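> Structure of the sequence below:
(one chain, ligands or ions: 1)
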Amino acid sequence: MILYFSATGNTRFVAQGLAARLGDEALDLLDKIRRSDYTPIQSDAPFIICAPTYVCEMPRFLTAWLRRTPLTGNRDVYFIFTSGGYAGISGVLARSIVRKKGLRYMGCANLTMPRNYIASDAYPELETAEIERRIRQTNGQLEAIAASIERQERLRSRHVWLFEVLITLPFNPVWSRVRQGVRDFQATEKCVGCGKCARGCPLNVIRIVEGKPVWNGKSCAHCMSCIQNCPVEAIEYGNVTQKKQRYRFEKYRYAVQDDGRVK
Ligand SMILES: Cc1cc2nc3c(=O)[nH]c(=O)nc-3n(C[C@H](O)[C@H](O)[C@H](O)COP(=O)(O)O)c2cc1C
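Prediction:
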């Protein structure tokens, strides 16, 4: 059973690509995370958990969900992380969660995809050719990953150094409070009040009030689901996003359309 969370489609593409190659089912965790649904999940096949990387680790809401949700049946758990090039300590956290559950950690794979984070000027926008190249490269890697999983082999990824763990764990809660506020999210007059942003928010931070989204609380995961998936591109983050292209995988699916297994 393949379990995944994806805000902008990269991880969904990977999860569905593996599902097609392994003849397995890919389950989107968005609703379970939104509803705090921790009912046990049973699978006869190995569990394959696919997630994006947020600030050098797995999304914290996914880590919390995984810690609480019993996984029954098969004892082997694989992880596949997508990132913009640095998956940080995600594998270390994954191994620790799986071992605490009494299950067997079967390693992780790190796949570089287009970076979807646009609420900061720190990361230059990627050229279309580079976006397409990353998607094709990842698509090419799925075959070998699926074959390894089928042979029940461990996946090998790069070594994570202790200093990376020691920096990331205390740094992230501070970063989240300081740099991942919700105050700067706003819907412009283009907003049609469709509510897609609210339905796609893993943390249930968005409410539709008088036909417009309102972001509640102080901070969120900044997963970019609301801003990137808005059908009329009506959501902005301060003045950082105004001139930026929106990214979601579906816009670039054509890059791998010639592969018959891509749905
Ligand atoms: C809040 C946030 C933090 C991110 N942090 C990292 C990071 O530390 N390293 C990295 O390489 N990519 C980072 N990214 C990029 C995503 O991991 C990458 O684009 C991922 O494939 C998005 O997956 P999705 O389309 O399934 O949501 C970050 C993205 C977001 C939204």
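
> Kindly provide the distance from the residue lying closest to Glu164 once chain neighbours are set aside to Met1.
Leaving aside its chain neighbours, Glu164 sits nearest to Ile89 (5.4 Å; criterion: Cβ to Cβ, 6 or more residues apart in numbering). The way it works is simple: take the backbone N, C-alpha and C, and place the C-beta from them, glycine included. For Ile89, the distance to Met1 (Cβ to Cβ, to the nearest Å) stands at 25 Å.

> can you check Gln180 too?
With Cβ to Cβ as the criterion, Gln180 and Met1 are 31 Å apart.

> now swap in Lys218 and tell me
As judged by Cβ to Cβ, Lys218 and Met1 stand 35 Å apart.

> out of those two, which sits in the more crowded spot?
Neighbour totals were compared for Lys218 and Met1, and Met1 leads with 19 against 12 (other Cβ atoms under 10 Å).

> so the one residue sitting closest to the centre of the chain bridges to which residues?
By Cα atoms, centre = their mean, the chain has its centre lying nearest to Pro52, at 2.9 Å. Taking DSSP bridges as the rule, Pro52 bridges to Thr82.

> for it, what are its contacts?
Counting by Cβ atoms under 8 Å, 6 or more residues apart in numbering, Pro52 touches 5-7, 10-11, 59, 81-83, 116, 223.

> ok, now Gln137?
Each residue near Gln137 by Cβ under 8 Å, 6+ apart is listed here: Thr112.

> buried sites along the helix or strand containing it?
Element membership for Gln137, per DSSP states H and E: helix 128-150. Going by neighbour count (16 or more other Cβ atoms under 10 Å), the buried part of helix 128-150 is 131-132, 134-135, 138-139, 141-142, 145-146, 148-149.

> want to throw those into a markdown table with pLDDT and distance to the ligand?
Below are the buried residues of helix 128-150 laid out as a markdown table (pLDDT from 0 to 100; distance: Cβ to the nearest ligand atom, whole Å):
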| residue | pLDDT | distance to the ligand |
| --- | --- | --- |
| Ile131 | 98 | 11 |
| Glu132 | 97 | 15 |
| Arg134 | 98 | 9 |
| Ile135 | 98 | 10 |
| Thr138 | 98 | 9 |
| Asn139 | 98 | 14 |
| Gln141 | 98 | 14 |
| Leu142 | 98 | 14 |
| Ile145 | 98 | 15 |
| Ala146 | 98 | 18 |
| Ser148 | 98 | 21 |
| Ile149 | 98 | 19 |
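
> Write out the residues of this protein neighbouring the ligand.
Neighbours of the ligand within the chain, by Cβ under 6 Å from any ligand atom: 6-11, 52-56, 82-86, 88, 113-117, 222-224, 249.

> so of those, which ones are in strands?
Judged by DSSP state E, the residues of the chain next to the ligand include 52, 82-83 as members of strands.

> Please give the number of neighbouring residues around the closest residue to Thr188 other than its chain neighbours.
Counting by Cβ to Cβ, 6+ apart, Thr188 lies nearest to Ala234, which is 5.0 Å off, once chain neighbours are set aside. Applying other Cβ under 10 Å, we find 19 residues neighbouring Ala234.

> my guess is Ala234 meets Cys194, correct?
No: Ala234 is beyond contact range of Cys194, at 9.4 Å (criterion: Cβ atoms under 8 Å).

> can you name the farthest residue from the center of this structure?
What lies farthest from the middle of the chain is Glu210; by Cα atoms, centre = their mean that is 30.3 Å.

> distance of that one from Cys191?
Glu210 is 11 Å from Cys191, by Cβ to Cβ.

> rewinding a little: wait, the residue nearest to Glu164 touches Glu57, no?
Yes: the criterion here is Cβ under 8 Å, and Ile89 meets it with Glu57 at 5.3 Å.

> who touches both of those two?
Common neighbours of Ile89 and Glu57 (criterion: Cβ under 8 Å, 6+ apart): Thr168.

> The two: which has the busier surroundings?
For Ile89 versus Glu57, neighbours defined as other Cβ under 10 Å are more numerous around Glu57 (25 against 22).
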